[in-house]
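**Student:** Sequence isn't available, so here's the structure alone:
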């Protein structure tokens, strides 16, 4: 089914699974719709097969992938590398659910801090991350090569017991 013709049914249950190579056709479709400088299939294949620090998931509504996210886990820190939701499904809380799932999985792996970069102009994402406990801690000047836009660096502290329950409720 073509991702750009996707209909959104709010009664469908969102589920998560580890990203696999056979998900990449759908992931690449969302990637192209979501980013001005999308990652290549080769980059995702490297992450899935060669990066021992990488953890990637897909979010599904029934048989369709509607979003995905990835992170690197290094000791007690996670670094979110990518997050995307299909444009048709945005504004319905799926990004929040995907991020909460990444935070939950981080906690299971013993992570205490999580970081990400976000375009300075991406106010919806910055607001979402702030609502999940992320705090703006820095700026990477001219971080994005496509237009030299700055990246806002955000961090969140993960509290083991309390947060695990909170993140599980957000999903």
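**Tutor:** Structure's in. What do you need? Because the structure is predicted, anything quoted here is derived from the model rather than measured.

**Student:** which of the residues in stretch 114-122 are buried?
**Tutor:** Across stretch 114-122, burial judged by 16 or more other C-beta atoms under 10 Å covers 114-120. All C-beta atoms are positioned from the backbone trio N, CA, C, and that covers glycine.

**Student:** ok, of the residues you listed, which one's closest to residue 21?
**Tutor:** residue 116 (24.7 Å; C-beta to C-beta).

**Student:** Please identify the helix or strand for the closest one.
**Tutor:** Assessed by DSSP states H and E, residue 116 sits inside strand 113-119.

**Student:** Each with direction, which strands does that strand pair with?
**Tutor:** Paired neighbours of strand 113-119 in the sheet (DSSP bridges): strand 77-85 (parallel), strand 149-157 (antiparallel).

**Student:** Any regions of the protein where pLDDT drops low?
**Tutor:** The chain contains residues with pLDDT under 70 at 1-10, 160-171.

**Student:** could you measure the residue nearest to residue 112 when sequence neighbours are not counted against residue 154, distance?
**Tutor:** The shortest distance from residue 112 to any residue other than its chain neighbours is 4.7 Å, reached at residue 76 (C-beta to C-beta, 6 or more residues apart in numbering). Noted for residue 76: a distance of 17 Å to residue 154, by C-beta to C-beta, to the nearest Å.

**Student:** higher neighbour count, these two?
**Tutor:** Per other C-beta atoms under 10 Å, whichever of residue 76 and residue 154 has more neighbours is residue 154, with 22 against 12.

**Student:** ok, what's across the strand from that one?
**Tutor:** residue 116, residue 136.

**Student:** next one: residue 78
**Tutor:** Bridge pairing for residue 78 - DSSP bridges - gives residue 73, residue 114.

**Student:** Just give the number of residues close to it.
**Tutor:** 26.

**Student:** on that earlier part again, how about the residue nearest to residue 112, phi and psi?
**Tutor:** Backbone torsions of residue 76, given as degrees, to the nearest 10, read phi -100, psi 20.

**Student:** same thing with residue 37?
**Tutor:** Here residue 37 shows phi and psi, under degrees, to the nearest 10, equal to phi -130, psi 80.

**Student:** so where do the helices sit in the chain?
**Tutor:** 24-34, 41-50, 94-108, 123-131, 160-170 (DSSP state H).

**Student:** Return the most buried member of those helices.
**Tutor:** helix 94-108 (a mean of 20; mean count of other C-beta atoms under 10 Å).

**Student:** can you state the direction angle for it and strand 113-119?
**Tutor:** 150 degrees (axes from the mean of the first three to the mean of the last three C-alpha atoms, to 10 degrees).

**Student:** list the helices and strands helix 94-108 packs on?
**Tutor:** strand 14-18, strand 54-61, strand 64-74, strand 77-85, strand 113-119, helix 123-131, helix 160-170 (3 or more C-beta pairs under 8 Å, 6 or more residues apart in numbering; DSSP states H and E).
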